[in-house]
Each structure stands twice: as C-alpha cells, then as structure tokens.
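> Sequence and predicted structure are below.
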Amino acid sequence: MSIGENQFRECDALASITIPDSVTRLGASIFCDNTALTEVVLGNGMTSIPEYTFYGCSGLKSVIIPDSVTSVGKCAFENCTSLQALTLGENVITIGDYAFKSCSMLKHIYLPENVRKIGYEAFCENSRLTSFVIANPDCTINDVYTSPSLSAHFVKAGY
C-alpha cells in the first residue's frame with residue numbers, strides 16, 4: 001500500500017501519526033511543512049523515506065527510522081528545527097543531500113555500519129551537534145557538515 005505525495009502537506013491539525021507496516025511507500029513531500037507534527041512512528045514495510053517527506057516539520061521532536069529503510073531522500077528532514085533524537089535503522093545505505101540540514105536541536109548522530117554514502121551538506125547548519133559518529137570507515141562523505149565546533153567530535157571508524 002502507498003500514500004501519495006503531498007497528502008498531509010501543511011495539515012496543522014495532525015500532531016502524531018503511525019504508519020502501519022502495510023504501507024510500503026510514501027509519496028514525496030507527504031508531511032511537508034506540517035508544523036504541528038511532533039511524533040512519527042514509521043512502519044517496517046517502508047524501504048525509503050522520499051525527498052521532502054518531513055521538510056519544515058518544525059515541531060517534530062524524535063524519529064526512529066526502522067531497519068527496513070535503506071535510503072533517506074534529499075531534504076527529507078530539512079528544517080525540522082525541534083528534532084532532538086534521531087535513530088537510523090541498521091540497513092540505511094544512503095542519506096540524500098540536505099537530508100538533515102538545519103535540524104538545529106540535534107546533538108548526537110550515529111550512522112550505522114551499512115551507511116555507504118552521505119549526500120552533500122546532509123547534516124550542515126546543525127549548530128548544537130556535539131558528536132557525529134560514522135561506523136563505516138569506507139563511507140563516502142560529500143561535505144557532510146559545516147560546523148567548526150563539531151570537528152573535534154567527528155569520528156569516522158577506522159581512523
């Protein structure tokens with residue numbers, strides 16, 4: 001089952017949502033600019049988080065990306081300015097350009113061993129970020145962050 005793009009865009013009455021395991025695909029920008037959304041539970045049927053899925057969801061506080069997901073699309077969580085907790089599933093392979101840009105409340109990021117590619121500025125403009133761990137020493141990084149305060153806490157496994 002899939003849910004089409006823009007279905008809940010700017011739906012400010014929606015504060016929480018649980019995507020059941022039967023949903024295998026979300027359309028792009030499905031929750032874009034939904035400022036009231038604070039909680040999301042993603043089902044295990046999903047294999048990707050499309051571009052702009054949660055873009056501008058400024059009330060979103062935490063996200064757990066299930067192990068079934070292998071890719072996080074471009075700008076998927078950009079401008080989620082209240083996002084404090086991010087858990088990536090063990091099977092995420094690619095993180096798109098700007099995927100977590102301007103998530104200014106994020107403090108810690110751990111990227112599991114299967115992550116092979118991190119898109120351009122995927123984690124930039126996250127001023128409170130104090131630790132950033134990439135478990136895969138062979139991961140391709142494309143200008144992942146721009147915060148000078150993070151450089152002392154950036155760790156790539158194997159180095």
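Ah, there it is. Numbers count the residues shown, from 1 in each chain.
> ok now do residue 11, which residues does it touch?
Contacts here follow C-beta atoms under 8 Å, 6 or more residues apart in numbering; on that basis residue 11 touches 31, 34, 36. C-beta coordinates here come from the backbone N, C-alpha and C atoms, glycine included.
> ah, wrong one, I meant residue 50
Residues near residue 50 by C-beta under 8 Å, 6+ apart: 5, 25, 26, 27, 28, 29, 30, 73, 76.
> hmm, back to that, which among the contacts of residue 11 end up buried?
Taking 16 or more other C-beta atoms under 10 Å as the criterion, what is buried in the contacts of residue 11 is 31, 34.
> Pick the one among the contacts of residue 11 closest to residue 137.
Using C-beta to C-beta, residue 31 comes nearest to residue 137 of the contacts of residue 11, at 34.1 Å.
> Which secondary structure element is home to the closest one?
Assigned by DSSP states H and E, residue 31 falls within no helix or strand.
> again with residue 57
Of the helices and strands defined by DSSP H and E, none includes residue 57.
> tell me the contacts of it?
Counting by C-beta under 8 Å, 6+ apart, residue 57 touches 31, 32, 33, 34, 35, 37, 77, 79, 80.
> now, the most widely separated pair of those residues?
Across the contacts of residue 57 (C-beta to C-beta), the longest gap, 14.1 Å, separates 35 and 77.
> For residue 153, give me the pLDDT.
What the model reports as pLDDT for residue 153 is 49.
> oh, I was asking about residue 136
89.
> show me what contacts it?
Going by C-beta under 8 Å, 6+ apart, residue 136 touches 111, 112, 113, 114, 115, 116, 157.
> just residue 115 next, same as before
Neighbours of residue 115 in contact, by C-beta under 8 Å, 6+ apart: 88, 92, 93, 94, 95, 134, 135, 136, 139.
> Save these as TSV, and put in distance to residue 18 and secondary structure too.
Output for the contacts of residue 115, formatted as TSV (distance: C-beta to C-beta, whole Å; DSSP: H, G, I helix; E, B strand; the rest coil):
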residue	distance to residue 18	secondary structure
88	19	coil
92	20	coil
93	25	coil
94	25	strand
95	24	strand
134	30	strand
135	28	coil
136	30	coil
139	31	coil
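> just these now: which is nearest residue 69?
Distances from residue 69 to the contacts of residue 115, taken as C-beta to C-beta, are shortest for residue 92 (5.9 Å).
> my guess is residue 15 meets residue 36, correct?
Yes: contact criterion C-beta atoms under 8 Å: residue 15 and residue 36 qualify, at 5.2 Å.
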